[in-house]
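J.: I would like the atomic coordinates for the input below:
(2 chains, ligands or ions: 2)
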Amino acid sequence: MSNRVINILVPVISVIIGLIVGAIVMAVSGYNAVDGYIALWNGIFGDSYTIGETIRQITPYILAGLAVAFAFRTGLFNIGVEGQLIMGWAAAAYVGYAVEGLPKFIHLPLALIAAALAGAFWAFIAGVLKARFNVHEVIATIMLNYIALHVSNALIKVWADGGDKTQRILETASLRSPFLESITQYSRLHWGIIVALLMVVVMWFILDKTTRGYELKAVGFNHHAAEYSGMSVRRNIILAMTISGMFAGLGGAMEALGTFEYVGIKGGFTGIGFDGIAVALLGANTPLGVIFGATLFGSLQNGALNMPNEAGIPTEIVSIIIALIIFFVASGYVIRVLLEKFNSKKEGK
Amino acid sequence: MEYVIEMLGIRKEFGGFVANNNITLQLKKGEIHALLGENGAGKSTLMNVLFGLYQPEAGEIKVRGKSVKITDPNVANDLGIGMVHQHFMLVENFTVTENIILGAEPTKGGIVNIKKAANEIQALSEKYGLDVDANAKIQDISVGMQQRVEILKTLYRGAEILIFDEPTASLTPQEITELIQIMKRLIQEGKSIIIITHKLKEIMDVSDRVTIIRKGEGIGTVVTAETNTDQLAEMMVGRQVTFKTEKGPANPTEEVLNVQDLVVLDYRGVERIKKLNLTVRKGEIVGIAGIDGNGQTELIEAITGLRKIKSGKVLMNGQDVTNKKPRQITETGLGHIPSDRHKHGLVLDFTIGHNIALQTYYQEPFSKMSIMNYKEVSKKAKQIIEEFDVRSGHGEASLARSLSGGNQQKAIIGREIDRNPDLLIAALPTRGLDVGAIEFIHKRLIEQRDKGKAVLLISFELDEVMNVSDRIAVIHDGEILDIVEPKETNEQELGLLMAGEKRKSAGAVKGDE
Ligand SMILES: Nc1ncnc2c1ncn2[C@@H]1O[C@H](COP(=O)(O)OP(=O)(O)OP(=O)(O)O)[C@@H](O)[C@H]1O
Ligand SMILES: [Mg+2]
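T.: Ligands and ions are numbered 1, 2, ... in the order given. You can find the predicted model right below:
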């Protein structure tokens, strides 16, 4: 078995083990596992509507995953993706409804840029705190998450004149498309997936092609050596954080300009930013891996909605099953070690 | 004669690259057995197999005559095998005792009895003359004592067989003498020792027998008393090695480096460089001799821009570079082989190719309009790997981490010399290199000099300073105590100077002119 084969086998075997354990849980609690998985499958790929909804669900996960992965690759742990995404969501929605009279080809990019900048700014604060005052980014970003939640809620209250959500964004800022809706039985599928995939390319390009990417990685791996070679460690830390936040902000734009077309007051966190951590880890922090992680996460999340309806399995059990599958994929390392042991034994003979 | 360890026909591969092939090593009870081989020959790999860190693909290991499978270091521990790694594995802000019992804590009803352990460790330390304070914190003790803590750790766990991987590479000459005494005492107490070292003199001094490996193949085992350093070097490299580097007289011209009244503080705020003056001219090699901890690190870091200068001036090629950023200083024509290759010299998680570009990545042809040209990077890397004989599993695509210590060092030296800097600061450049590689590096340093470049060499090895330098500046307590020429001095006199005693003879000048 070559390394390549092992790389592909590991996630496949992990998912299968997760499914088997999930089946046991269903069987033990008195539900039909086969019915359950058929419902899950139908919830993901059942018809063009569910496929559209699944892709829509995957979109913000990709961006949140990229944000976490980018930070990881440059030696930073960005727990603040959630807050950056919330700021991006608010900024995109505001520009989406308040700026009037622009053609779509200006208004939509403007709203996207506003979201990217808002997320970037929020992460920039944490970057500066780390680079200048040595405040650990985990602490700073956790605090900034709460601040983002309350700042965005306060802004929305002002924007909505005391209401609990803003006006709908103008059509000129929307990512939605009658065409995509018509081919998916009026799901909420929107063009955001193209933005997300474009950003996957952007992350790969920055890290693997640009001179700045070389610096960012060097600083992340060994800041002593980076300093020795004349790189500015502080500037690179701030920049890495800012780029990471830009991806997160765009994740918020997907909700503002695609899925919901407004921003509302939130009782708590969206969770997308935190799930981004799992997505990035599942994808081993590589751009392509993030697509894989987001697809798994988004599909399971969306498919799970169908399990109570179609197979009568209570949502609590469904959550356990989804968590189990993700757990096994995340423990892929163990499976890799086992595979390699098995492999070397075979070759040893 | 009874063997305590027999490694028979060992083979170890890393993804298709054969690091050990059919190697046999037999350790007698009560002997010191040296393991000798070039950088990347596979010595550390072989010892990691014995310690259970790697599983061999073929071969047999016998301990006290019984065939065993050493699946992990715990098994090795149970078999009485202990290892002192080249890079210590100690927790900086724990005490000596805490470090030693870590993972094998003596507990009573769930409570760790630190006091009892500390007493035991103190007793053990006295028994073997290790002179370790069981209650000191690791961060406060010298490298030599840290190593003795590692030795104590293995003894505390009941090791009968001790493996030392390049124990002398990071020690000062005084500490090396002490270590040799300790090893002899361990043998008297019935222990057996395997030692890896590149210093042939040490092998002649301490070992009973030597096993030699070359490029992963076992060459043979010889009795130390029946051999000499020339024969050992030849068996190891496969050709004759000259130890004394040939060089003509120096032709120094104008000044490259001028350090004036330099004052530098260490991280605690203590003055470590005290009004130091030094000049280096084009076409000469200036060696800095001194005992570790007399300000060498602070001096280099101040010149290269890695540490703040409190007062005084540094001129590079006539330009004032005092407290400038490292890159600005580098661009005035400075090259730097750092003393700590893992901390400053390499990004261990980059490939060796990407590390070759560490100083020049932003310049053409490696970077054009902010886009990296990794093809050019790998072309350059291939050239340096070839020229400096950097050996690794997968050429320039190998992770720096996977290279043997000596080959990591050769890659850094190659990177810095290839840039052809006006002034090359070489801090402990040959640490961990084999004799063949040392010969080669010395030649390259002299070649730089003959091309009209300057070299500032910092070394703890008196041989090296005496052989390679044109002028020797003796540093003591943050000052240049004296400047001497190798021809007019000897190791004794240098030793006294390094200890802080000023030379009385005429002709000697204080400071620099
Ligand atoms: N984990 C690894 N993965 C891939 N290659 C490795 C690994 N460890 C060692 N090697 C390769 O195996 C060879 C032998 O390495 P080893 O560290 O045993 O050399 P060594 O004899 O100890 O050299 P040195 O004197 O420089 O320390 C080297 O070419 C090295 O690149
Ligand atoms: Mg080694």
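J.: Who are the contact partners of the closest residue to chain B within chain A?
T.: When scored by Cβ to the nearest Cβ, chain A has A:Gly230 as its residue closest to chain B, at 2.8 Å. Just so you know, the C-beta spots here come from the backbone N, C-alpha and C atoms, and that holds for glycine as well. Listed by Cβ atoms under 8 Å, 6 or more residues apart in numbering or on different chains, the contact set of A:Gly230 reads B:Lys325, B:Pro326, B:Arg327, B:Gln328, B:Thr330, B:Gln359.
J.: Now do the phi/psi pair for it.
T.: phi 90, psi 10 (degrees, to the nearest 10).
J.: For it, which non-adjacent residue is spatially closest?
T.: B:Arg327 (2.8 Å; Cβ to Cβ, 6 or more residues apart in numbering or on different chains).
J.: Tell me who's in contact with the one you found.
T.: A:Ser229, A:Gly230, A:Met231.
J.: Same question for A:Leu170.
T.: A:Gly96, A:Tyr97, A:Glu100, A:His107.
J.: Tell me if I am right that the second one is in a helix.
T.: Yes - for A:Tyr97, which was evaluated using DSSP: H, G, I helix; E, B strand; the rest coil, the result is membership in a helix.
J.: which residues touch it?
T.: A:Tyr97 neighbours (Cβ under 8 Å, 6+ apart): A:Thr166, A:Gln167, A:Arg168, A:Ile169, A:Leu170, A:Ala173, A:Tyr262.
J.: Next, give phi and psi for the fourth one.
T.: Pointing back at A:Ile169 there. Torsion angles, degrees, to the nearest 10, at A:Ile169: phi -70, psi 160.
J.: Tell me the residues on the stretch 251-400 of chain B that lie near ligand 1, please.
T.: Neighbours of ligand 1 within the stretch 251-400 of chain B, by Cβ under 6 Å from any ligand atom: B:Arg391, B:Ser392, B:Gly393.
J.: how about stretch A:324-337, does it reach chain B?
T.: No - between stretch A:324-337 and chain B, judged by Cβ under 8 Å from any Cβ of the partner chain, nothing touches; the nearest distance is 12.5 Å.
J.: buried set for that stretch?
T.: Buried residues in stretch A:324-337, counted by 16 or more other Cβ atoms under 10 Å in any protein chain shown: A:Leu324, A:Ile325, A:Ile326, A:Phe328, A:Val329, A:Gly332, A:Ile335, A:Arg336.
J.: Can you pick out the most distant pair from the residues you listed?
T.: Pairwise distances among these were taken by Cβ to Cβ; the largest, 18.9 Å, belongs to A:Leu324 and A:Arg336.
J.: Helix or strand with the lowest mean pLDDT in the chain?
T.: Looking at chain A here, since you left the chain open. When the helices and strands of chain A are scored by mean pLDDT, DSSP states H and E, helix A:332-348 comes last with a mean of 68.
J.: Sorry, I should have been clearer: chain B.
T.: strand B:107-108 (a mean of 72).
J.: Let me know the average pLDDT across stretch A:168-184.
T.: The pLDDT scores in stretch A:168-184 average 94.
J.: about what we covered before: quick one, which of the contacts of A:Tyr97 are buried?
T.: A:Thr166, A:Gln167, A:Ile169, A:Leu170, A:Ala173, A:Tyr262.
J.: Nearest to ligand 1, out of those residues: which one, please.
T.: A:Ala173 (52.7 Å; Cβ to the nearest ligand atom).
J.: can you tell me which residues contact the closest residue to A:Leu63 other than its chain neighbours?
T.: The shortest distance from A:Leu63 to any non-neighbouring residue, by Cβ to Cβ, 6+ apart, is to A:Gly251 (3.5 Å). Contact partners of A:Gly251, counting by Cβ under 8 Å, 6+ apart, are A:Pro60, A:Leu63, A:Ala64, A:Ala67, A:Val81, A:Leu85, A:Gly88, A:Gly119, A:Ile272, A:Gly273, A:Gly276.
J.: Just put the residues you listed in TSV and tack on secondary structure.
T.: Below are these laid out as TSV (three-state DSSP):
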residue	secondary structure
A:Pro60	helix
A:Leu63	helix
A:Ala64	helix
A:Ala67	helix
A:Val81	helix
A:Leu85	helix
A:Gly88	helix
A:Gly119	helix
A:Ile272	helix
A:Gly273	helix
A:Gly276	helix
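J.: what about the stretch 201-349 of chain A, any weak spots by pLDDT?
T.: A:343-349 (pLDDT under 70).
J.: let's go with 80 and repeat that
T.: A:329-330, A:332-349 (pLDDT under 80).
J.: Quick one: buried ones out of the contacts of A:Gly230?
T.: B:Pro326, B:Thr330, B:Gln359.
J.: so what's the last one up against?
T.: Residues counted as contacts of B:Gln359 (Cβ under 8 Å, 6+ apart) are A:Ser229, A:Gly230, B:Thr330, B:Gly335, B:Arg415, B:Glu416, B:Arg419.
J.: Among the residues you listed, which are located in helices?
T.: B:Thr330, B:Arg415, B:Glu416 (DSSP state H).
J.: now the helices: where do they sit in the stretch 301-450 of chain B?
T.: B:326-330, B:352-356, B:374-387, B:405-418, B:435-450 (DSSP state H, counting those that start in this stretch).
J.: what do you get for the stretch 201-349 of chain A?
T.: A:211-221, A:223-228, A:233-254, A:272-282, A:287-304, A:306-311, A:315-330, A:332-348.
J.: Mean neighbour count, those: which tops it?
T.: Highest mean neighbour count among the helices of the stretch 201-349 of chain A (mean count of other Cβ atoms under 10 Å in any protein chain shown): helix A:233-254, with a mean of 28.
J.: tilt between that helix and helix A:287-304?
T.: Between the axis of helix A:233-254 and that of helix A:287-304 there is an angle of 30 degrees, by axes from the mean of the first three to the mean of the last three Cα atoms, to 10 degrees.
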